[in-house]
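Chemist: predicted model and sequence below, questions to follow.
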Amino acid sequence: MKQSSAEVFDDLSRSNVNSAWGALSMEVLARLGVQTVLTSPGSRSTPLTVAAVRNPKLEALTILDERSAGFFALGLAKRTHRPVALVCTSGSALANYMPAVVEASMSGTPLLLLTADRPPELQDCHSGQTIDQLKFYGDYVRRFHQLALPETELFGYLRQTLVHAVAQSLQPVPGPVHLNFSFRDPLAPDAGAKPVCSGGDLEAAATLITRPTEAVAASQGFDTVAVERLMSHSKGIIVVGTENPPCGDDVFADAVVMLSHKLGWPVLADVLNPLRNHAGENEALVSSYDALLRDTSTAQALEPTAILQIGNLPTSKVLRQWLGDLDASSFLLTRLSDNTDPLHRVATPLYGDAHALAEFLPHQKAESAWIEQWQSVESKTHKRLDEALDAMDELFEGKVAWLLSQYAPIDASVFLANSMSVRYGEYFWRPGNRAISIYCNRGANGIDGTLSTAMGVAHRGKPTILLTGDLAFLHDSNGLLAKKEMQGSLTVLLINNSGSGIFEYLPVSDQKEVFESHFATPQAVDVEQLCAAHSISYRQIESWDQFKAELSLSPESGVRLLELRTDRKADVAKLRGILG
């Protein structure tokens with residue numbers, strides 16, 4: 001006769017039902033494919049934290065600052081496409097996850113938020129460290145689950161709730177899922193109790209878990225009428241913006257090449273997708289669109305009759321304005337169910353991925369003149385940009401991205417901070433075949449958690465380089481506390497121009513009485529001393545030869561920082577002179 005959950009856990013319930021509840025939670029998550037749990041110190045979350053540490057199938061890391069922990073988990077999940085679990089105590093602790101939750105939701109990144117809470121009798125009575133945690137993250141999570149108080153009769157319920165939570169974090173649209181765990185005292189395991197982390201009892205309770213939950217792509221059938229309309233245009237363009245495809249960079253790049261060949265259209269590729277670093281056979285790749293479209297006659301000569309947009313739009317305002325002014329048929333290819341068109345064009349959505357659409361399109365003979373027209377302009381523009389940057393001996397922040405695309409270690413990961421770092425990447429990142437993986441927090445486009453996210457990308461991954469400005473770095477300097485947990489190599493390229501460079505391009509920069517103090521906001525922090533406080537290797541870069549030499553010396557492990565000091569006002573003038 002099959003044993004009930006209460007009978008299976010009879011011995012464990014005598015020691016501590018909270019410990020068994022936490023142990024089963026972690027065992028189920030491990031069997032579902034979760035590999036890493038990030039905890040932050042706290043009392044109410046003790047059953048979950050102890051269980052994570054004691055489960056040999058899980059990597060349990062502790063990061064003091066929940067805000068930093070949330071972004072570290074975000075970076076790791078971006079790279080692995082697996083949900084990463086976060087554990088925190090009750091009260092304001094879970095509020096610190098909010099910026100990372102927003103970014104995860106908007107960028108389609110799977111996270112599991114396991115927040116501890118007080119039991120119902122301690123709610124609404126001014127009990128310490130207690131806030132209303134129900135549906136705390138609102139619509140920014142894919143699903144919220146309020147867990148029942150731990151009972152031996154409910155282990156099957158707990159198991160299946162976790163099974164569904166992991167699945168909901170992965171499909172149909174990946175994102176964060178919030179599980180709120182209420183615990184009554186005692187929270188710590190009994191001193192004499194055996195560790196609840198494995199063994200026959202736990203195996204029996206988790207017996208239905210036989211394989212990790214995987215993201216299963218929905219059936220991708222395309223509207224044949226819409227596809228016929230797409231293929232009826234001989235002068236179209238493929239615009240590829242932010243895209244971190246779970247199928248792999250090479251597969252995605254090959255799929256876009258196939259689309260380009262079948263349609264006979266050029267590919268305008270943002271830096272925030274794999275295409276510029278897997279250029280391969282894609283002779284129709286265009287990366288200098290922001291510069292070439294600034295010339296009115298060129299922009300008019302290259303007007304298409306159709307646009308296939310893959311993922312979100314690129315960062316470039318010049319490109320967005322040009323696209324918005326076109327009288328062209330638009331098609332939106334996206335794996336997500338969201339509206340990806342902020343220009344509000346008359347657009348036909350195509351739900352699926354690039355590989356599926358490429359396979360779906362029939363072969364046809366495409367005209368070459370249209371692509372050749374784009375290639376000619378692209379070649380001339382690249383030559384002009386390359387000559388201008390190559391001749392520049394003084395330190396200019398835009399040249400960092402240009403050199404990084406050529407001298408970063410092959411197969412490395414590069415994280416681009418928001419504001420000017422990502423824009424310089426879009427302007428100057430040269431196409432090539434260095435197989436560099438690019439990451440950026442472009443869901444909400446904030447500078448929050450920049451350093452911590454890059455550390456998550458680097459953790460147990462490829463050597464990673466973070467390109468960031470001084471404000472984005474200092475905004476998340478608490479992320480340096482996670483250095484002892486990160487197992488990997490991270491090089492921080494810090495462009496220090498004493499403030500916010502991006503605001504220099506806004507009309508408010510003319511308001512001299514308020515601009516420096518309230519917008520540019522330069523910070524009086526000695527970065528070298530900050531690095532010394534955290535035992536981080538520091539170098540100031542004073543020449544481009546030194547910079548290129550340092551890029552070839554990525555550390556095997558740990559964090560190092562290379563600081564390039566530039567003149568913010570001069571950089572604005574140089575950029576405008578180069579782009580035209």
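Modeler: Arrived safely.
Chemist: what about Leu38, neighbour count?
Modeler: 28 (other Cβ atoms under 10 Å). For every residue, glycine as well, the C-beta is placed using N, CA and C.
Chemist: tell me which helix or strand Lys380 sits in.
Modeler: helix 369-390 (DSSP states H and E).
Chemist: list the buried ones in that helix?
Modeler: By neighbour count on 16 or more other Cβ atoms under 10 Å, the buried set for helix 369-390 is 370-371, 374-375, 377-378, 381-382, 384-385, 388-389.
Chemist: now, among these, which is nearest to Glu228?
Modeler: Trp370 (19.2 Å; Cβ to Cβ).
Chemist: do you know how far that closest one is from Ala291?
Modeler: 20 Å (Cβ to Cβ, to the nearest Å).
Chemist: do the same with Glu243
Modeler: Computed as Cβ to Cβ, the Glu243 to Ala291 distance reads 22 Å.
Chemist: related to what we said a few turns ago, now for the helix holding Lys380, which elements pack on it?
Modeler: Helix 369-390 sits against helix 289-292, helix 397-407, helix 568-579, with contacts defined as 3 or more Cβ pairs under 8 Å, 6 or more residues apart in numbering; DSSP states H and E.
Chemist: so what's the gap between that helix and the chain middle?
Modeler: Chain-centre distance of helix 369-390: 31 Å, with Cα atoms, centre = their mean, to the nearest Å.
Chemist: that helix - what's its average pLDDT?
Modeler: Helix 369-390 carries an average pLDDT of 96.
Chemist: touching it from outside, list them.
Modeler: Under the criterion Cβ atoms under 8 Å, 6 or more residues apart in numbering, residues 234-235, 237, 260, 264-266, 283-284, 286-288, 291-292, 298, 301-302, 396, 398-399, 402, 428, 430, 577-578 lie in contact with helix 369-390.
Chemist: what helix or strand is Leu564 located in?
Modeler: strand 558-565.
Chemist: who does that strand touch, helix- and strand-wise?
Modeler: Using 3+ Cβ pairs under 8 Å, 6+ apart, strand 558-565 is in contact with strand 489-496, helix 527-533, strand 537-541, helix 544-551.
Chemist: for the last one, C-alpha coordinates in CSV please.
Modeler: Extracted in CSV, the C-alpha atoms of helix 544-551 (Å, rounded to 0.1, in the frame of the first residue of the first chain):
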residue,chain,number,x,y,z
TRP,A,544,45.6,52.8,-26.5
ASP,A,545,48.6,50.4,-26.7
GLN,A,546,48.3,49.8,-23.0
PHE,A,547,44.6,49.2,-23.3
LYS,A,548,45.0,46.6,-26.1
ALA,A,549,47.7,44.9,-24.1
GLU,A,550,45.6,44.7,-21.0
LEU,A,551,42.7,43.2,-23.0
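Chemist: the inter-axis angle of it versus helix 369-390?
Modeler: 110 degrees (axes from the mean of the first three to the mean of the last three Cα atoms, to 10 degrees).
Chemist: please spell out which residues along helix 544-551 are buried.
Modeler: For helix 544-551, using 16+ other Cβ under 10 Å, the buried residues are 544, 547, 550-551.
Chemist: ok, the third one next?
Modeler: Residues 538-539, 541 are the ones in strand 537-541 that count as buried (16+ other Cβ under 10 Å).
Chemist: then the second one?
Modeler: Buried residues in helix 527-533, defined by neighbour count with 16+ other Cβ under 10 Å: 527, 530-531.
Chemist: now Arg423. Nearest residue, chain neighbours left out?
Modeler: Thr315 (6.0 Å; Cβ to Cβ, 6 or more residues apart in numbering).
Chemist: what is the neighbour count of Gly33?
Modeler: 15.
Chemist: can you check which of the helices and strands packed on helix 369-390 gets nearest to Ser107?
Modeler: Nearest of the helices and strands packed on helix 369-390 (Cβ to Cβ): helix 397-407, 21.1 Å.
Chemist: and the closest one, how far out from the chain middle?
Modeler: Distance, centroid of helix 397-407 to centroid of chain: 21 Å (Cα atoms, centre = their mean).
Chemist: list the contacts of the helix or strand following that helix.
Modeler: As assigned by DSSP H and E, the chain's next helix or strand after helix 397-407 is strand 413-416. Under the contact criterion Cβ under 8 Å, 6+ apart, strand 413-416 has outside partners 75, 79, 271-272, 401, 404, 408, 422, 425, 436-440, 450, 453-454, 457-458, 461-467.
Chemist: among these, which are in strands?
Modeler: 437-439, 464-467 (DSSP state E).
Chemist: those residues, buried ones only, as a PyMOL selection?
Modeler: Of the ones in strands among the contacts of strand 413-416, the buried ones go into a single PyMOL selection, burial set by 16+ other Cβ under 10 Å:
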select buried, resi 437+438+439+464+465+466+467
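Chemist: for stretch 222-230, buried residues please.
Modeler: Neighbour-count burial for stretch 222-230 [16+ other Cβ under 10 Å]: 222, 227, 230.
Chemist: give me the neighbour count for the residue lying closest to the first one once chain neighbours are set aside.
Modeler: Nearest non-adjacent residue to Phe222, counting by Cβ to Cβ, 6+ apart: Phe360, 5.3 Å away. A count of nearby residues for Phe360, using other Cβ under 10 Å, gives 15.
Chemist: same check on Thr348?
Modeler: 17.
Chemist: run through the bridge partners of it.
Modeler: Note on Thr348: beta-bridge partners Phe331, judged by DSSP bridges.
Chemist: list the residues that contact it.
Modeler: Thr348 neighbours (Cβ under 8 Å, 6+ apart): 223, 226, 229, 329-332.
Chemist: turn those into JSON lines, columns for pLDDT and distance to Leu471.
Modeler: Shown next, in JSON lines, are these (pLDDT from 0 to 100; distance: Cβ to Cβ, whole Å):
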{"residue": "Asp223", "pLDDT": "85", "distance to Leu471": "46"}
{"residue": "Ala226", "pLDDT": "90", "distance to Leu471": "44"}
{"residue": "Arg229", "pLDDT": "94", "distance to Leu471": "46"}
{"residue": "Ser329", "pLDDT": "95", "distance to Leu471": "41"}
{"residue": "Ser330", "pLDDT": "95", "distance to Leu471": "36"}
{"residue": "Phe331", "pLDDT": "96", "distance to Leu471": "38"}
{"residue": "Leu332", "pLDDT": "94", "distance to Leu471": "34"}
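Chemist: closest one of those to Arg159?
Modeler: Nearest member of the contacts of Thr348 to Arg159, counting by Cβ to Cβ, is Leu332, at 39.1 Å.
Chemist: close enough to count as contact, that closest one and Leu343?
Modeler: No - taking contacts as Cβ atoms under 8 Å, Leu332 lies outside contact range of Leu343: 10.6 Å.
Chemist: who has more neighbours, these two?
Modeler: Leu332 (21 against 14).
Chemist: about what we covered before: any idea how far the residue nearest to Arg423 is from Pro342?
Modeler: For Thr315 relative to Pro342 (Cβ to Cβ), the value is 12 Å.
Chemist: one more: Gln540?
Modeler: The value you get for Gln540 to Pro342, if Cβ to Cβ is used, is 40 Å.
Chemist: again, but for Leu302
Modeler: Taking Cβ to Cβ, one finds Leu302 at 22 Å from Pro342.
Chemist: the more surrounded of these two?
Modeler: When Leu302 is set against Pro342 and neighbours are counted by other Cβ under 10 Å, the residue ahead is Leu302, at 20 against 10.
Chemist: contacting residues around the more buried one?
Modeler: 292-293, 373-374, 377.
Chemist: reformat those as TSV; add distance to Asn18.
Modeler: Shown next, in TSV, are the contacts of Leu302 (distance: Cβ to Cβ, whole Å):
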residue	distance to Asn18
Leu292	63
Leu293	61
Gln373	68
Trp374	63
Val377	66
